[in-house]
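Trainee: fold the following, please.
(2 chains)
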Protein chains: 2
Amino acid sequence: MHKKAAEEDVDLHCTTWRFAAEMNNLAPWKSIPAECADYVKNYVMGKGYATDLERVSEEALIFANSVEFSGDGKDIWVFDIDETLLSNLPYYIDHGFGLELFDHSEFDKWVERGVAPAIAPSLKLYQRVVDLGYKVFLLTGRKESHRLVTVENLINAGFQNWDKLILRSPEEQHKMATLYKSEKRDEMVKEGYRIRGNSGDQWSDLLGTSMSQRSFKLANPMYYIP
Amino acid sequence: MHKKAAEEDVDLHCTTWRFAAEMNNLAPWKSIPAECADYVKNYVMGKGYATDLERVSEEALIFANSVEFSGDGKDIWVFDIDETLLSNLPYYIDHGFGLELFDHSEFDKWVERGVAPAIAPSLKLYQRVVDLGYKVFLLTGRKESHRLVTVENLINAGFQNWDKLILRSPEEQHKMATLYKSEKRDEMVKEGYRIRGNSGDQWSDLLGTSMSQRSFKLANPMYYIP
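Mentor: Model (predicted):
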């Protein structure tokens, strides 16, 4: 096969893989396919990922603007943190863009440095959502012991004025993300909040019980959290 | 701008649009973006769509094989029909691949001809699912008055041995698809069925109440049903 045709085949195969991953059609996966390593690198380092992140923020903002507020302060927007507000791309650049198996202790060291940059289009959405009068709840799989460094990182990256920052307690450490996040949303609904929007890069941020009126799935071809 | 660079920009923009559509990030849309007409045509007529359809069937089959049956005949698989089992691509070839606004009476005429071909990878999945012992429920937005032509079309396209074919009754005609399909799934669950898999090309086939254990979203960049 000619080189160009072989490259086109890999591109087609990896685009199909990425779609299947983003549409939640794959069984839980632990690393990206080896043959798609260059494809994923080119996507996240190039225009593709940036354009996708801009689009999802624009769509979310259109919706955020369209909601009619009751004025009782009970309309909320839920944001995940990693790969939603903050980017761990500097870490993944050093760890094969999802090709390496996830290393908890290595990743913890990165988180504890507190230097993850903002995802720029998400910061723009975040600020508009705050300005519009939504209450903002941050719901993350990060552990409670990382609260301080997470707060510092968020503030240094430009995020301010959230209403709640919910992290995993030690006893929630081994719950599946879908269940943990659903339970936290259930509590919000029980307290009378209306979850208008929910932004996350994992389907486990978005699916389950007490789902938001509209969900916004950010691209993430590097890892999967069930 | 050079012609090639301009083409690459359109390609990037339309790929981002397609991802946003497939990830359910867009507000309900009535036609594809005009600037993406060629892009959508090339995708559905070329290898991209075919490869995506093959992949989702393969992933569904891996899951279907992995389910441990209780043997009580209560494990079911739900399939949507249009753009899931049967392809209306011959119709859309004549109607701009989603660029034209949907024309109910024109589309009805096409449906009434009963000649929609099978989506080949879906037929393969369907047959394996039946062979594995799942009960198969077809849940479609088509109306009850199209039952006969739908049955004939399905059989001519190679589909057999379904357990239920559920169409919209006249009083359900104006219900949103998400609600109509959720209510039908609620009934299945109430009757003691376990919805193991659900295959559909619209998120309104998959989201709502009584969701299946695993959902499989087939690609469809041509139209959106809320």
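Trainee: ok, the closest residue to A:Gly133 other than its chain neighbours to A:Leu132 distance?
Mentor: Nearest non-adjacent residue to A:Gly133, counting by Cβ to Cβ, 6 or more residues apart in numbering or on different chains: A:Phe69, 6.2 Å away. The C-beta positions use only the backbone N, C-alpha and C, and glycine is treated the same way. A:Phe69 sits 8 Å away from A:Leu132, going by Cβ to Cβ, to the nearest Å.
Trainee: for whatever helix or strand A:Lys4 lives in, packing partners?
Mentor: Assessed by DSSP states H and E, A:Lys4 sits inside helix A:3-22. Applying 3 or more Cβ pairs under 8 Å, 6 or more residues apart in numbering or on different chains; DSSP states H and E, one finds that helix A:3-22 makes contact with helix A:37-45, helix B:3-22, helix B:47-66.
Trainee: any idea which of the ones you listed gets closest to A:Met23?
Mentor: Closest to A:Met23 of the helices and strands packed on helix A:3-22 is helix B:3-22 (Cβ to Cβ; 5.7 Å).
Trainee: report the angle between that closest one and helix B:37-45.
Mentor: Per axes from the mean of the first three to the mean of the last three Cα atoms, to 10 degrees, the angle that helix B:3-22 makes with helix B:37-45 is 60 degrees.
Trainee: list the buried residues in helix B:3-22.
Mentor: B:12-22 (16 or more other Cβ atoms under 10 Å in any protein chain shown).
Trainee: got it, and stretch A:30-44?
Mentor: The neighbour-count check on stretch A:30-44 (16+ other Cβ under 10 Å) flags A:31-33, A:36-37, A:39-41, A:43-44 as buried.
Trainee: repeat that for stretch A:108-125.
Mentor: Neighbour-count burial for stretch A:108-125 flags A:110-111, A:114, A:116, A:118-119, A:121-125 (criterion: 16+ other Cβ under 10 Å).
Trainee: stretch A:173-188 too?
Mentor: By neighbour count with 16+ other Cβ under 10 Å, stretch A:173-188 contains the buried residues A:177-178, A:180-182, A:184-185, A:188.
Trainee: those in strands, which ones?
Mentor: The strands, defined by DSSP state E, take in nothing from those.
Trainee: quick check: A:Pro221 is in a strand.
Mentor: No. Assigned with DSSP: H, G, I helix; E, B strand; the rest coil, A:Pro221 falls outside any strand and is coil.
Trainee: quick one: contacts for it?
Mentor: Applying Cβ atoms under 8 Å, 6 or more residues apart in numbering or on different chains to A:Pro221 gives the contacts A:18, A:21-22, A:32, A:40, A:43-44, A:98.
Trainee: same list (the residues you listed) but as CSV, adding pLDDT and distance to A:Ala60.
Mentor: Below are the contacts of A:Pro221 laid out as CSV (pLDDT from 0 to 100; distance: Cβ to Cβ, whole Å):
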residue, pLDDT, distance to A:Ala60
A:Arg18, 98, 21
A:Ala21, 98, 21
A:Glu22, 97, 16
A:Ile32, 97, 26
A:Val40, 98, 24
A:Tyr43, 98, 21
A:Val44, 98, 20
A:Gly98, 96, 24
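Trainee: would you convert the buried residues of stretch A:108-125 into CSV that also reports pLDDT, secondary structure and distance to chain B?
Mentor: Compiled in CSV, those are given as follows (pLDDT from 0 to 100; DSSP: H, G, I helix; E, B strand; the rest coil; distance: Cβ to the nearest Cβ, whole Å):
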residue, pLDDT, secondary structure, distance to chain B
A:Trp110, 98, helix, 27
A:Val111, 98, helix, 26
A:Gly114, 98, coil, 30
A:Ala116, 98, coil, 23
A:Ala118, 98, strand, 20
A:Ile119, 98, coil, 15
A:Pro121, 98, helix, 12
A:Ser122, 98, helix, 13
A:Leu123, 98, helix, 18
A:Lys124, 98, helix, 16
A:Leu125, 98, helix, 12
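Trainee: just how off-centre is the helix holding A:Lys4 within its chain?
Mentor: Offset of helix A:3-22 from its chain centre (Cα atoms, centre = their mean, to the nearest Å): 24 Å.
Trainee: CA-only coordinates of it in PDB, if you can.
Mentor: The C-alpha atoms that make up helix A:3-22 are tabulated as PDB, following Å, rounded to 0.1, in the frame of the first residue of the first chain:
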ATOM      1  CA  LYS A   3       2.300   5.500   2.200                       C
ATOM      2  CA  LYS A   4      -0.400   8.100   1.700                       C
ATOM      3  CA  ALA A   5      -3.200   5.500   1.500                       C
ATOM      4  CA  ALA A   6      -1.900   3.800   4.700                       C
ATOM      5  CA  GLU A   7      -1.900   7.100   6.500                       C
ATOM      6  CA  GLU A   8      -5.500   7.800   5.300                       C
ATOM      7  CA  ASP A   9      -6.600   4.400   6.700                       C
ATOM      8  CA  VAL A  10      -5.100   5.100  10.100                       C
ATOM      9  CA  ASP A  11      -6.700   8.500  10.100                       C
ATOM     10  CA  LEU A  12     -10.100   7.000   9.200                       C
ATOM     11  CA  HIS A  13      -9.700   4.300  11.800                       C
ATOM     12  CA  CYS A  14      -8.700   6.700  14.600                       C
ATOM     13  CA  THR A  15     -11.400   9.200  13.700                       C
ATOM     14  CA  THR A  16     -13.900   6.400  14.000                       C
ATOM     15  CA  TRP A  17     -12.400   5.300  17.300                       C
ATOM     16  CA  ARG A  18     -12.500   8.900  18.600                       C
ATOM     17  CA  PHE A  19     -16.200   9.300  17.600                       C
ATOM     18  CA  ALA A  20     -17.000   5.900  19.200                       C
ATOM     19  CA  ALA A  21     -15.200   7.100  22.400                       C
ATOM     20  CA  GLU A  22     -16.900  10.500  22.500                       C
END
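Trainee: thinking again about what came up before, out of the helices and strands packed on helix A:3-22, which comes closest to A:Val151?
Mentor: Judged by Cβ to Cβ, the one of those that comes nearest to A:Val151 is helix A:37-45, at 26.5 Å.
Trainee: what does chain A put close to chain B?
Mentor: Within chain A, the positions near chain B by Cβ under 8 Å from any Cβ of the partner chain are A:12-13, A:15-17, A:19-20, A:22-27, A:47-48, A:51-52, A:55-56, A:59-60, A:62-63, A:215-217, A:219.
Trainee: alright, calling it a day.
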